[in-house]
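# Okay, here's the prediction I keep looking at, along with the sequence it came from:
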Amino acid sequence: MKKLMFNLFLLGLTTQVYAQNPETFSAVYIVHNYKYLSDVNSKEVAMPVEELHLKVSDFNVKELDIYADEYDLYDVYFVIPEGKILASYDKDSNLLRTIERYKNINLPSSVFESVAKKFPNWSISKNAYLVNYHNSGKIKKLYKLTLENGNKRIKIKVNDNGDFQ
């Protein structure tokens, strides 16, 4: 009887161990300039753009070799093969403004669908994504697209919602 009770006790413990469903979470980022991230990232931003935005938002100017308390403004240049960002920070690492340019990235579905609807027989041969951010709330996101149809080429501008400019 003791063996039976002991085995039932062990069986009860082992089933609880397997009952838990461990979940893996993606990396958690503690971001200094969260307002920048919430303003510039949309739900369908391309992966290289999102990764560069994380680097810009988490940058600390106090780690620069040229950092000195006497300077009020620091301009930092971030570059990846798909694009570049010129970011301006104050001496406390608060992001003030950015100028961003990316080439030939994946387009959001709103932009792609809008272009396909208005230009059905045209294909997108080149694209550039431009972002101007200012911490006062002024943000401009624009896609410059080159469309081709046989020997014909046109250039158009579309915002991130798919509205033509």
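In hand now; what should we look at?

# What's the end-to-end length of stretch 88-96?
This stretch, stretch 88-96, spans 6 Å end to end (CA to CA, to the nearest Å).

# ok, now stretch 56-76?
For stretch 56-76, the first-to-last residue distance is 9 Å (CA to CA).

# how about it: buried residues?
For stretch 56-76, burial by neighbour count (16 or more other CB atoms under 10 Å) applies to 56-57, 59, 61, 74, 76. No exception for glycine: its C-beta is placed from N, CA and C like everyone else's.

# Check stretch 115-134 too.
Neighbour-count burial for stretch 115-134, counted by 16+ other CB under 10 Å, picks out 115, 122, 124, 127-129, 131, 133.

# Pull the most distant pair out of the residues you listed.
122 and 133 (30.4 Å; CB to CB).

# Could you pull up the residues touching residue 36?
Residue 36 makes contact with 53, 56-57, 95, 98, 133, 135, according to CB atoms under 8 Å, 6 or more residues apart in numbering.

# Let me know the helix or strand that it is in.
Using DSSP states H and E, residue 36 sits within helix 34-40.

# got the CA positions of that helix in PDB?
Taking Å, rounded to 0.1, in the frame of the first residue of the first chain, the C-alpha atoms of helix 34-40 are listed here in PDB:
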ATOM      1  CA  TYR A  34      10.400  55.200 -27.100                       C
ATOM      2  CA  LYS A  35       8.500  58.100 -28.600                       C
ATOM      3  CA  TYR A  36      10.600  57.900 -31.700                       C
ATOM      4  CA  LEU A  37       9.900  54.200 -32.100                       C
ATOM      5  CA  SER A  38       6.200  54.600 -31.700                       C
ATOM      6  CA  ASP A  39       6.100  57.500 -34.200                       C
ATOM      7  CA  VAL A  40       8.300  56.100 -37.000                       C
END
